[in-house]
Structure formats: structure tokens, C-alpha cells
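> Provided below are the primary sequence and the corresponding predicted coordinates.
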Amino acid sequence: MNARDRILARVRLALDRASETAQSESAATVRDRLRNRPRGPLPAMNWDLVPRFRERCFSSSSTVDEIARLDQVPHAVARYLAGNALPSACVCWPELAPLEWTAAGLQVEARPATGDDSTGISGVFCAIAETGTLMLLSGAENYATTSLLPDTHIAVVPATRIVRSMEDAWDLLRSERGALPRQVTFVSGPSRTGDIEMTLVLGIHGPYRVHVIVVGG
Amino acid sequence: MQVTSQQFKRKAAEALANPQLHKALSNLRARMVTGRAQSVLELDNLEQIREAAKSARDFALAHLDHLLEQFERNACARGAQVHWAETGDDVNRLVLEIARRNAVRKIIKSKSMLGEETGLNHYLEAAGIEVRETDLGEYIIQEARETPSHIIAPAIHRTADEIADLFQQKHKLPRKTDIGEMTREARMVLRPHFLTADMGITGANFLVAESGSSMIVTNEGNGRMTTTLPRVHVAIAGIEKMLPTLEDVAFILRLLTRSATGQSISNYLTYTTGPKQAGDKDGPDEFHIILVDAGRTRVLASDLRAALHPLWGLHESLSGLSERGRSRVRLGVSRADRRGAYARLRRAGERARPAECRYDVQSMRGRLPRQDPAARSHAQAARTTDRTRIAPLVRAPRAQVLGVGRVTARGVRVDRASAGRGWTLGRWVDAADAQASRRRVLEPLPRYAGAARQDLPRALSSPQVNPYMHSFRAAARWTADANTLL
């Protein structure tokens, strides 16, 4: 017997499931639960998606901009960077590379971020209105470092990709992708800590600023 | 981990005499207690979510073996390597083996209480590997060679002044006094470690059987770095962290983040399933999960099983309190604080919710869905039985729960000296009785040896679980604190 079998045997002993019937009943119950995935109770959600998302982004210290079309993104980014006196060099996800960045006066490269890049521009898989949360998936063209290493993270969120709750986000992931990628990350605002005298400080290891651009709200 | 609860009295006395500690802890109440109450008010069906969370956890424990097997199968299918550790030493040994196999020289660590439990850092350092705690609080106490004083705020016992001295001494940089500047200095010092570490170690807030994922809840971003940048990632997790599905995690998170830090959601929720996939530009080459028993199956087999519900352990043991009392404990705030919270909430321009501004149990009940009559009468019957059985305890709820009273075969005895201090006393006892009871209470023996022990909320009555209950003085002090809270 190895450690695995001994631990499982102790669990079974603790659960008092000596008989074959009890064992197979439990296995069947587990299979059912994993197949049906019943939802837990949801709190009341009587609000509209985009306004709620915007309000929640603000309350987690993100900033929000709303534009009508995707081709306006470079100008919105340029406006934000200039307004905050930030450098105009950025890195972005490949899906955003075709936009007219140079016309907006920005130098944007489609590559993973290093510790030296000051701004990372990413897309999202979807966003959650209940909590003002961005859902990011890892993948060949979705670099995790874009939203992690630079001081500023800018996320482009199509309004059509805003869902109500995390439960809805999982449903969307299952229907569009099937399995989970290596990493699923939910981001709600800039990184923060309260570890010194419970004083809230934004920007500890991750970004200082998260700017969300909602497209087509 | 060194267990120091045996010296609780001495350590408590020392702590009470330490003005630095008073100062350091003075912010705790506003941020954690009031913050939690405020964010809990966003949920209109708190009780319903709590009940469902409890039953999801019950389900997970009742079918733990099959969920563990499912988890292992799903995680392995995605390329994760699953290991099993029977003891804390096994955990340390397994981690070191993985590190040795991968020629690891530097490890970055995201906060893990299980790592504290097994003494992982010391073990790895003794083997010549550099280990860096990266959560700011954990980093501070690692540099100060201390142990965490709180699972969420490990360095809560240190003032900014003390940390400034520590940073100056360790970083060899000009002394900063502003907390923002100190935080930025820590970011600057730790960033190179993230980029050069060979291995990352994290704990797990939950394991998800459905997908074979391990997930962590963080605010600083160090957890994301630890799971993304180094070439090896090891997650260590107690087997009780198991939940069946992503849906279960999703709704329980509404309670977790609010109870932990008063946030509606934490900054980063990170679900990791397997190592780097084909084509990925980031992520570790190897992903290991160590599933840890270390006494957990023993607790599962005992009558303390409720202690394996990470968040609901305490609430389980409040069965002697009235429903109103329980809900106040759950909200964890005094009346005055709650009024403050409502006022702030109104000022913040939240939607007007008059019923919730007079938050009480009645309105909470009203929001629960209607039960069908059969279930209701069944519950009613159960309550009646309960009431007869624990009647004496209900009559003196606080006194008994907080350990000031004594339960005997004849009912509850309450020390008369406690009577004037505003405790709700159930049964007045005559003077002779009171004298005798006080003498007994003052005896430094574990109490609750009396006949009605099985009627007591178990977790509270067991000295192993609740070291505070050993002496009358400790109990009285605790009660005084709890009374201001209640």
C-alpha cells in the first residue's frame, strides 16, 4: 500500500463506508453532482449589465472608458496614457496588433511583457458585471505577463462579452472552449495590499493601474 | 509548527502589556469587522448562501474519497503530477525531492498556511535552497524571523515604525516612513526574485474535483507570478480543500472574500489546471499538486469533523445561541459599528433598501424562500426536541457558550460574580450553590466534565479545540471582549 491508498482507506474508514453498496452509491452521487453541476443560490441581480460593470470597476479602483467601436481603441489608449503622463510604448496581445496604433502616436508591440514594459494592453475572455471582474484565459496568444508585470494594465472589453455572474462566465467558457486552459485568472482592479497597519496601498506586485475600455456599450 | 496554546495565559498577559501591539491592532476593527459587515449587506440572501455553502462542504466531506479520486484523474489528464502526503514531514520531503530533481536553487512562495504547519521554509533552507516569501506580510515576518499572527494579515502585530526599521536594516536603503513608499520599496526588492526563481510554491484555497484545478485567492499579484514565472510550480493543499464543481467555488467565494477582507471580491482568483500547454508563451514546465492528510482524516473520523469546514467551523459551534445571537456573531459587529456601517452605506448612495437598514433576523427570515408545510413541521419538531434537550443551555446562552457557567446534571450554574456585568443569566442560583460553583470554576481543571457534556456544542467544549476555556480568568477576559462584540 502506498501513501495514496492509505489516505483513501483512512477517509473511507472515517466515513464509515465499509459496504460495497455504500461505496458505489457514493460514487454514483459524486458522478451525478459533477455532471449536473447544480448552481448555488444567487443574490438578487436587478441591475443592467454595463452600468453595473462600470460602477463595480470604479469601486475596485479601476478606471473605465466607453467607446463605440473597436477602431477607436488606439485613440482611447493614447488619451488615457497622455492624461496620466505615462510613456507611449506598450505591449499587447496579438489579437489587438492589427489596430492602428501608430496613427494614434503609440509604439505598440505584440509580445509577452517583461519587467521593463510600462503598459500592457490585453483583451478578455469575458467580464463579470456583478463584481467588475475581467476573466483572462492563458493560451498561446494570451500572455499572462501582459496583465501582470507592467505598472499599467489596459483591458479591452467588448460590451457583448459582459456577463452577469461568475456562474455565467463558467457556462460561457464551457460552451465555447470545453475544458479549462492552463490558467483562468479573474482580475478585479489593480493589485493591492493592506499588510502594513491595514493601510490599503495600490500596486504591490501586480499593476498600479487597471484601465478598462468598454467597446460598444 | 510549534503549538503554543498551552502557554496562552502567559502569552496573553505579555501581549496585553505591549503598547506597540495595541497600536498595531487598532486598525483591525474598522477594516476587517466593519468592512465585512458592509460588504455582507450587498447580499440579500446571506443566510441562504450560508446554508448552501455548508451543505456543499458537507457533501465534499461525505464523499471525500471519490472526489479525491476524481480530482486526481482530472488533474493527471491535464499533465499535473499528483502526490500524496500522510504527514507534514512527507510534504517537506516531497517538495525537496521535486526541487532536487529540477536543480532548483531559488524558490518563491505565495502565502501558504499549510507550509507554516509543516515548517517547509526551514526544511528547504536547511537543505541549502533559498526560499523567498512574497506576500508582503509574510515577507516582513520572514525577514524578522517570526511566525504569522493572522492567516490573512500575517504581520498585523507589527507597527509601520517597526517595519520601517526592519526594511532599513535589511534593504540598506534610506529609511522610509510613508506606508505607500515602504510598499513600493518591497515591490522593488522582490521583483528580481520573481524573475529569477526556479520554482514557485503556493497553497490552495480550493481544489476543484470537476476540473482537477487548484485555485488561490490573492490581492497582491504574487500568487499569479508564483504560478506563472518559474519553471516548476508546486501547490500544496489539505485534502479538506476539496469542492465538487466550479459552481460550488463560485457561490462560496461570495462569502469567502467578504469574510476574509470585507471585499466583494478579491483582486485575483487564479485557477491552475496542469502545466504549460503546447504553444503557451508562459507557465511552468512542471506542475505538481501535493494532497496532504497530516491528521485531517483523524479529524474527519472524530466528532470534530466540523472543524474541517474552513470558514464555518465557529458557526457550527454556536448552536447554544439564539438565532438572533448567532446572526450577530456572524455579522461580527457591535450595534454601534453596524449603525456606522449603514450610515456609510447610505452616504455611498447605494440603492435605498429600507428593510436592510433595520437589519435583523426577522427580515432575514422573510427573504428565505417559503418552505413547504411538511418540511416546516419537521423542522419545528426538531427544534422542539432540541429545545427540551438543551433548555438549560438556551436559558443561559452566553454564560455557557463563553465558559463562565458550569453545566451539571441539574442544569446550568452561573458564577454569581458574573451577574452584575450584563450577561444574560438563565437560572439564579442560591448563595451556597454559587459559592461552591465559584470554587469549582476557579479550580484550574478542565471544566465541562459534568453530566451534560454531550449537550454542549462540541467544538467549544473540547479543550483541544478551545484552549481559552481552561481557566475562569481567561474565560472572563474572553467574555468581556466577546461581550463588547456581541
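Done, it's in.
> just the helices in the stretch 201-350 of chain B please.
B:222-228, B:246-261, B:296-301, B:313-316, B:323-331, B:335-347 (DSSP state H, counting those that start in this stretch).
> lowest average confidence across the ones you listed, which one?
For the helices of the stretch 201-350 of chain B, mean pLDDT drops lowest on helix B:313-316, to a mean of 38.
> give the contact list for residue 127.
Here I'm looking at chain A. A:53, A:133-135, A:157, A:161-163, A:212 (Cβ atoms under 8 Å, 6 or more residues apart in numbering or on different chains). Using the backbone N, CA and C atoms, a C-beta is placed for each residue, glycine as well.
> the intended chain is chain B.
With contact set as Cβ under 8 Å, 6+ apart, B:Ala127 has these partners: B:96, B:99.
> the one 5 residues further on too?
When the contact criterion is Cβ under 8 Å, 6+ apart, the partners of B:Arg132 are B:106-109, B:139, B:142, B:190, B:193, B:197.
> only whichever of these are buried, select them in ChimeraX.
Buried members of the contacts of B:Arg132, defined by 16 or more other Cβ atoms under 10 Å in any protein chain shown, are picked up in ChimeraX with:
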select /B:107,108,109,139,142,190,193,197
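> returning to what we had before: list, out of the contacts of A:Ala127, those positioned next to chain B.
Here is what survives when those are matched to chain B using Cβ under 8 Å from any Cβ of the partner chain: A:Thr133.
> surely B:Arg191 is within a helix?
Yes - assigned with DSSP: H, G, I helix; E, B strand; the rest coil, B:Arg191 falls within a helix.
> per-residue pLDDT, the nearest residue in space to it that is not next to it in sequence?
Nearest residue to B:Arg191, sequence neighbours excluded (Cβ to Cβ, 6 or more residues apart in numbering or on different chains): A:Gly115, at 6.1 Å. If you check A:Gly115, the pLDDT there is 88.
> so who does A:Gly115 touch?
Applying Cβ under 8 Å, 6+ apart to A:Gly115 gives the contacts A:149, B:191, B:195.
> at 10 Å what do you get?
Contact partners of A:Gly115, counting by Cβ atoms under 10 Å, 6 or more residues apart in numbering or on different chains, are A:145, A:149-150, B:191-192, B:194-195, B:229.
> let's have the residues you listed in CSV, adding pLDDT, distance to A:Gly203 and neighbour count.
Formatted as CSV, the contacts of A:Gly115 follow (pLDDT from 0 to 100; distance: Cβ to Cβ, whole Å; neighbours: other Cβ atoms under 10 Å in any protein chain shown):
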residue, pLDDT, distance to A:Gly203, neighbour count
A:Thr145, 95, 16, 22
A:Leu149, 96, 12, 29
A:Pro150, 96, 11, 24
B:Arg191, 95, 12, 15
B:Pro192, 94, 17, 10
B:Phe194, 95, 15, 23
B:Leu195, 94, 17, 14
B:Leu229, 96, 18, 23
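> restricted to strands, list those.
Of these, none are assigned to strands by DSSP state E.
> need the strands for chain A, in chain order.
According to DSSP E, the strands that chain A contains are A:63-67, A:89-92, A:107-110, A:119-122, A:126-128, A:133-137, A:152-158, A:162-163, A:183-187, A:192-193, A:201-202, A:209-215.
> relative to the whole chain's centre, how far out is the first one?
Relative to the mean C-alpha coordinate of its chain, strand A:63-67 is positioned 17 Å out (Cα atoms, centre = their mean, to the nearest Å).
> could you give the mean pLDDT of that strand?
On average, strand A:63-67 scores 96.
> same for that strand, what does it pack against?
helix A:49-59, helix A:73-83, strand A:152-158, strand A:209-215 (3 or more Cβ pairs under 10 Å, 6 or more residues apart in numbering or on different chains; DSSP states H and E).
> what's next to the first one, contact-wise?
With contacts defined as Cβ under 10 Å, 6+ apart, helix A:49-59 is touched by A:45-48, A:62-66, A:127-134, A:155, A:157, A:159-160, A:162-164, A:188-189, A:210-212, A:214, A:216-217, B:263-265, B:348.
> mind redoing it with 8 Å?
Contacts for helix A:49-59 (Cβ under 8 Å, 6+ apart): A:63-64, A:66, A:127-133, A:157, A:159, A:162-164, A:188-189, A:210, A:212, A:214, A:217, B:264.
> PyMOL command to pick out the buried ones of those residues?
The buried residues among the contacts of helix A:49-59 can be selected in PyMOL (16+ other Cβ under 10 Å) with this line:
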select buried, (chain A and resi 63+64+127+128+129+130+131+132+133+157+162+163+164+188+189+210+212+214+217) or (chain B and resi 264)
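> and stretch A:75-89, how far out from the chain's middle?
23 Å.
> quick one: average pLDDT of that stretch?
On average, stretch A:75-89 scores 96.
> now do the end-to-end distance for that stretch.
14 Å (Cα to Cα, to the nearest Å).
> also stretch A:7-26?
Separation of the first and last residues of stretch A:7-26 by Cα to Cα is 17 Å.
> same check on stretch A:29-45?
By Cα to Cα, the extent of stretch A:29-45 from end to end equals 31 Å.
> what are the buried residues along that stretch?
A:30, A:33-34, A:37, A:39-42.
> those residues: which two are farthest apart?
Farthest pair in the buried residues of stretch A:29-45 (Cβ to Cβ) is A:Val30 and A:Leu42. Separation: 23.9 Å.
> who does the residue nearest to the spatial centre of chain A bridge with?
Closest to where the C-alpha atoms of chain A average out (Cα atoms, centre = their mean) is A:Met135, at 2.4 Å. A:Met135 has these beta-bridge partners by DSSP bridges: A:Cys126, A:Phe186.
> from A:Val124, how far out is it?
6 Å (Cβ to Cβ, to the nearest Å).
> on that earlier part again, of the helices and strands packed on strand A:63-67, which is nearest B:Pro19?
helix A:49-59 (35.8 Å).
> kind regards, and thank you for your time.
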